[in-house]
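**Q** Let's see this in three dimensions:
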Amino acid sequence: MRAATLQRHESTHLLMPLSVDSVALGDYVAHLVILREWLAQLEAWLAHFIDGPQAPALLPARNRVALIDMDLAHASVKLEDRTGAQEVSSTCHWIGSESAAYRWGVCYVIEGSQLGGAVLYERLKERLAPHPLGYLKAGREALGVRWAPFVRAMCADVDMQTQASIEEACRGACDAFDHLIELVPRPAMATFAGGE
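**A** Below you'll find the model as predicted:
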């Protein structure tokens, strides 16, 4: 899946507000606003299932949207920090394939985004203090607890010897990335497109 999503991963990294070199708290707020919309849609859809990655015994549920809301409401976030955070214009709701393999692909991107959060936390924790960066810190704390068990469970549940299952999981991962890219506000996307 890493190879299948590499280009999308790189595009997402360049488009998201925390990709800039001089990150301010307003960039973090803008980043969270986009992630909140993305996660709210994906997690609402995933909540309809009880198998595959949503099997109750797999991993403890994590309310990522609540973590984002706590960061957005933190006392260190001032009105001027919110001015660069454009509202995400999305009236759609996520609807993907119901197959477990596809959902493993979607969850691969969600869980993987927490790994990226761990890297960002280390880079930004001092620069954006006193904000606790709770959402990013949760990714750091989840590194050993969630990622390895998630990958093992995915490999055990998705028949990785079946090309159709592999392709379905890759399609889910690509669709999850594409949906995130669609949610990035248009001015940021226009800047990215103009810089190519």
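**Q** going forward, measure contacts and count neighbours with C-alpha atoms only.
**A** Will do.
**Q** I figured residue 52 was touching residue 103, is that so?
**A** Yes - taking CA atoms under 8 Å as the definition, residue 52 is a contact partner of residue 103 at 7.5 Å.
**Q** ok, these two, which is more surrounded?
**A** Applying other CA atoms under 10 Å to residue 52 and residue 103 shows that residue 103 carries more neighbours, namely 28 against 18.
**Q** And for the more buried one, nearest residue in space, chain neighbours not counted?
**A** Closest residue in space to residue 103, ignoring its immediate chain neighbours: residue 172 at 6.2 Å, by CA to CA, 6 or more residues apart in numbering.
**Q** I'd say the one you found and residue 106 touch.
**A** Yes - using CA under 8 Å, residue 172 makes contact with residue 106 at a distance of 4.9 Å.
**Q** Let me see the ranges of the strands in the chain.
**A** With DSSP state E, there are no strands along the chain.
**Q** Mind naming the longest helix for it?
**A** In the chain, taking DSSP state H as the definition, the longest helix is helix 100-124.
**Q** Show me how far that helix is from its chain's centre.
**A** Offset of helix 100-124 from its chain centre (CA atoms, centre = their mean, to the nearest Å): 6 Å.
**Q** Output the contacting helices and strands for it.
**A** helix 134-142, helix 163-183 (3 or more CA pairs under 8 Å, 6 or more residues apart in numbering; DSSP states H and E).
**Q** Contact partners for residue 153?
**A** Each residue near residue 153 by CA atoms under 8 Å, 6 or more residues apart in numbering is listed here: 53, 58.
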